[in-house]
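>>> pasting a predicted model and its sequence here:
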Amino acid sequence: MLAPADEAGIAAAIAAAHAAREPIAVEGNGSKRGLLRPVQAARTLSTRNLTGITLYSPAELVLSARAGTPIPEIEAALAEKGQHLIAEPPDTRAIFGVAPDGARNDPTPDGARNDPVPDGSDRPATLGGIVAANLSGPRRIAWGAMRDHVLGIRFVNGEGEVLRSGGRVLKNVTGLDLCKLLAGSYGTLGVMTEITLKVLPAPEAAATLLVAVPDMATGVRALSAGLGSPFGVSGAAVLPGEPALAALRIEDFASSVAYRTGRLRESMQGFGTVTMLEGEASRAFWREVRDAAPLAVRAEEAVWRISVRPSAGPAVAEAAAALGGRALLDWG
């Protein structure tokens, strides 16, 4: 495991691997080792020691941080100024059954929780890992994916050269748009060392309409109607259960949310019984959807993310159920 404390160390490690013609696995805290196929490499290069927010200008809605900076640290700094990460990236620890303190959520037979897991899934995701995997949450349907909010990056290419793309302002034409190329590349094209993001003020209010529907097909029709309305839905999901729940979120100023949820509720009456979550209850609900918590994943189970057109979602859920699985539909 190589974990340099600065960009020069990252570049030196990659240059040495290039000279020796040895592959390296790239990670931050290793929280997403369970994603994709296992990597066979001579050694692992981690950015976990490359941490810290290097620039935060709330008035300009811009934040820069080193790649190994934990996402909770960034979210806390933004929350102090009433701002947030636009793409709502997930906390993958929930999928691996790990609580924020690093212990397994699934209890042992005597009722005690298991010891912290050693594979990295007990640690929070880093900024570099989230951007490299281009992980986004339910808000993607309204505001775009993680890659859409990356303004600039510094990275080390496969020969150990330090390069820069983009800048620290929203409108820039500095070089080729390598930011979007590296976002979602899982570290295969370069190791990001610093990332600049656009951020936005967090919404003043949030509310969620929950529609009890007989099946997921009806739930998707309800979501389609809600997203086709003029009320600005920023989250749409169908949760498994008897009955299933179709969820629609609206975020904005309090008066706007109250008006829009009232109108949207009227249009949802034909799909099933409608209830509403407001404020922190709504936010907590979408944190669980974001992290796939409603699937109640057990340690021995595998999680698949299958991307299809929304109308095909119910058929995928039925196929999963026929195999003994469970499905959560998230429009984003």
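Sure, I can see it.
>>> find the nearest non-adjacent residue to Glu27, please.
In space, and not counting its chain neighbours, Glu27 is closest to Ser46: 5.4 Å by CB to CB, 6 or more residues apart in numbering. Quick note: C-beta positions are derived from backbone N, CA and C, even for glycine.
>>> check the gap between the one you found and Leu210 for me.
According to CB to CB, to the nearest Å, Ser46 and Leu210 sit 41 Å apart.
>>> so between these two, which is more surrounded?
Ser46 (24 against 19; other CB atoms under 10 Å).
>>> residue contacts, that one?
The contact partners of Ser46, taken as CB atoms under 8 Å, 6 or more residues apart in numbering, are Met1, Leu2, Ala3, Val26, Glu27, Gly28, Asn29, Gly30, Gly68.
>>> over to Ile74?
Ile74 neighbours (CB under 8 Å, 6+ apart): Ile53, Leu63, Ala65, Leu85, Leu127.
>>> which residues in this protein form strands?
Using DSSP state E, the strands of the chain run over 24-27, 43-46, 53-57, 62-66, 83-84, 150-156, 162-166, 191-198, 200-201, 205-213, 233-239, 244-252, 274-278, 329-330.
>>> pLDDT weak spots in this protein?
In the predicted model, the chain carries pLDDT under 70 at residues 97-121, 169-175.
>>> could you pull up phi and psi at the residue nearest the centre of it?
Closest to where the C-alpha atoms of the chain average out (CA atoms, centre = their mean) is Pro89, at 2.2 Å. Main-chain dihedrals, Pro89, degrees, to the nearest 10: phi -70, psi 150.
>>> list the contacts for it?
Applying CB under 8 Å, 6+ apart, the residues near Pro89 are Ile71, Ala125, Ile130, Leu135, Ser136, Gly137, Met146.
>>> pull the number of nearby residues for Gly190.
23.
>>> what's the answer for Leu227, then?
Neighbours of Leu227 (other CB under 10 Å): 16.
>>> now it: how far from Ile14?
Per CB to CB, Leu227 is found 44 Å from Ile14.
>>> Ala317 too?
Taken as CB to CB, the span from Ala317 to Ile14 is 43 Å.
>>> equivalent analysis for Ala76, please.
Counting by CB to CB, the gap from Ala76 to Ile14 is 31 Å.
>>> quick one: which of the contacts of Ile74 is most hemmed in?
Leu127 (30 neighbours).
>>> my guess is that residue meets Ser64, correct?
No. Contact criterion CB atoms under 8 Å: Leu127 and Ser64 do not qualify, at 9.7 Å.
>>> quickly list what's touching both of the two.
Common neighbours of Leu127 and Ser64 (CB under 8 Å, 6+ apart) are Ile195, Leu197.
>>> hmm, back to that, need the strands of the chain in JSON lines with distance to Arg221, can you?
What follows is the strands of the chain, written out as JSON lines (distance: least, CB to CB, whole Å):
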{"stretch": "strand 24-27", "distance to Arg221": "41"}
{"stretch": "strand 43-46", "distance to Arg221": "46"}
{"stretch": "strand 53-57", "distance to Arg221": "43"}
{"stretch": "strand 62-66", "distance to Arg221": "39"}
{"stretch": "strand 83-84", "distance to Arg221": "31"}
{"stretch": "strand 150-156", "distance to Arg221": "35"}
{"stretch": "strand 162-166", "distance to Arg221": "41"}
{"stretch": "strand 191-198", "distance to Arg221": "34"}
{"stretch": "strand 200-201", "distance to Arg221": "31"}
{"stretch": "strand 205-213", "distance to Arg221": "8"}
{"stretch": "strand 233-239", "distance to Arg221": "10"}
{"stretch": "strand 244-252", "distance to Arg221": "9"}
{"stretch": "strand 274-278", "distance to Arg221": "14"}
{"stretch": "strand 329-330", "distance to Arg221": "12"}
